[in-house]
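> No sequence on hand, only this structure:
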């Protein structure tokens, strides 16, 4: 009805009057607002609904044909997957009956086709009155072109990087892609130059569209998808079933509804694994949850991973630690710290120092927020953090390790003191133009605490101290340190 009302509003008065004279009763019955178009028609109508609908369709087709005789027409029907049956019937009638230069375009999501829409598409194709054209997602070139067109000229050189950041969130969906870019431009996110702002600047139109698509699948499916969103872009059937407390067959039945609607896909990483097609889907669904609900679901996710994979959890330790951190339950701080340390150690064995350092930083932050932190454990964690920072080329490793050494001195922890001193040495002097008194102080303290007995650790400490005291004023002591170290 909205489409026809808009049509009549733009029809020349003499054409509208002619069609009201012919089809007036049916038009007034089905669309009472149309009688205000200035035709002066006020007749009554009493035919049955089906007959009135047929007369309305005939009136629409006749009016379009007369308009098309003046100039060719293009009719566009958007979101046909949501259209009522009567709207689909009108599209079918116009497409099959009109004999005039009129093109009809119907847009719909192929993942949300019901029986009525499928019948319409099939009937038009069979009759030779229509064909289906699949619209592919924006490819890399299309993404860059779109960003380049919308960016201010002075920001043009950032088109490729920005396109990559948005694509990570929206995939190639043109609506989502353009909405996110427009939101970034309006919020100043492009000027700030931070790709992380993409995921934190999802426009309300995008979030609404995602939530509406999920809601149309029913409360059970929508609720399950919100829970799955907590697990990240990919998730396991078994873990999700454990979280919601249902058997896998029941969970799979609901997931298959979402799969058919295109809200999730089969993951390529293994059987019984699913994925959201792009990040904004699970981000939008997760944002629909309250902070308290998200925290509880993250806690359930951690517990489900432990239940499914065992206490050791293996490669999934990072996921467990991440969920416990997101749950932010102070009652489980000790467990969260332990899992962060396990995740850091696991990353270190995979030669991923940046990732390892991140986990050790999180463990450090949790220890420091305690009212009575375990100072000995904190010192040891700082050694692990500083070591990974050094391996990643982060210059802050020096201060981290000196702090670890100072804590070890205060705690009387010789092993941590020696570890911090050795980790802070690169096998050469640290500075070219001046001595590093901080490093030298920790090295001397470690030698004092270790004692005079020969050991590999003492030999390394002596050599490291000799390297740090490179200046002419310490030549004699440096030579003696090297000699003692080599003798061990």
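Alright, I've got the coordinates. Bear in mind the structure is a predicted one, so any value in this text is a computation, not a measurement.

> chain center to stretch 285-294, what's the gap?
Averaging C-alpha positions (Cα atoms, centre = their mean, to the nearest Å) puts stretch 285-294 14 Å from its chain's average.

> So, low pLDDT: which residues of the stretch 301-450 of the chain?
Applying pLDDT under 70 to the stretch 301-450 of the chain flags residues 426-433.

> At which residues are the helices of it located?
Here the stretch 301-450 of the chain has its helices, by DSSP state H, counting those that start in this stretch, at 317-327, 333-349, 353-369, 375-391, 397-411, 414-423, 437-450.

> Could you point out which of the ones you listed sits nearest residue 151?
Distance to residue 151, taken as Cβ to Cβ, is lowest for helix 353-369 among the helices of the stretch 301-450 of the chain, at 30.0 Å. Every C-beta, even on glycine, is put in place using the N, C-alpha and C of the backbone.

> Any idea how far that closest one is from the middle of the chain?
23 Å.

> Go through it and flag the buried ones.
Buried residues in helix 353-369, counted by 16 or more other Cβ atoms under 10 Å: 353, 355-364, 366-367.

> Next: stretch 254-265.
If you call a residue buried by 16+ other Cβ under 10 Å, then stretch 254-265 has these buried ones: 254-255, 257-258, 261, 263-264.

> ok, residues contacting it?
For stretch 254-265, the surrounding residues in contact (Cβ atoms under 8 Å, 6 or more residues apart in numbering) are 109-112, 213-214, 216-218, 220-221, 224-225, 228, 237, 240, 266, 274-277, 281.

> next one: stretch 333-348
Here stretch 333-348 makes contact (Cβ under 8 Å, 6+ apart) with 302, 315, 317-318, 320-322, 324-325, 353, 355-360, 362-363, 366-367, 369-370, 381, 384, 388.

> Which residue would you name as the spatial centre of the chain?
Compute the mean C-alpha point of the chain, and by Cα atoms, centre = their mean the closest residue is residue 279, 2.9 Å away.

> How far away from the center of its chain is the longest helix along the chain?
For the chain, the helix with the greatest residue count under DSSP state H is helix 49-70. Per Cα atoms, centre = their mean, the displacement of helix 49-70 from the mean C-alpha position of its chain is 47 Å.

> again, but for stretch 329-337
With Cα atoms, centre = their mean as the basis, stretch 329-337 stands 26 Å off its chain's centre.

> Same question for stretch 160-175.
Worked out by Cα atoms, centre = their mean, stretch 160-175 lies 11 Å from the chain centre.

> show me what contacts residue 232?
Each residue near residue 232 by Cβ under 8 Å, 6+ apart is listed here: 282, 319.

> out of everything not next to it in sequence, what's closest to residue 173?
Leaving aside its chain neighbours, residue 173 sits nearest to residue 137 (6.3 Å; criterion: Cβ to Cβ, 6 or more residues apart in numbering).

> which stretches of the stretch 51-200 of the chain have low pLDDT?
In the stretch 51-200 of the chain (pLDDT under 70), the answer is 51-52, 187-200.

> Walking through it, point out its strands one by one.
For the stretch 51-200 of the chain, applying DSSP state E, counting those that start in this stretch gives strands covering 73-77, 102-106.

> okay if I get those strands as TSV plus distance to residue 163?
Shown next, in TSV, are the strands of the stretch 51-200 of the chain (distance: least, Cβ to Cβ, whole Å):
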stretch	distance to residue 163
strand 73-77	28
strand 102-106	28
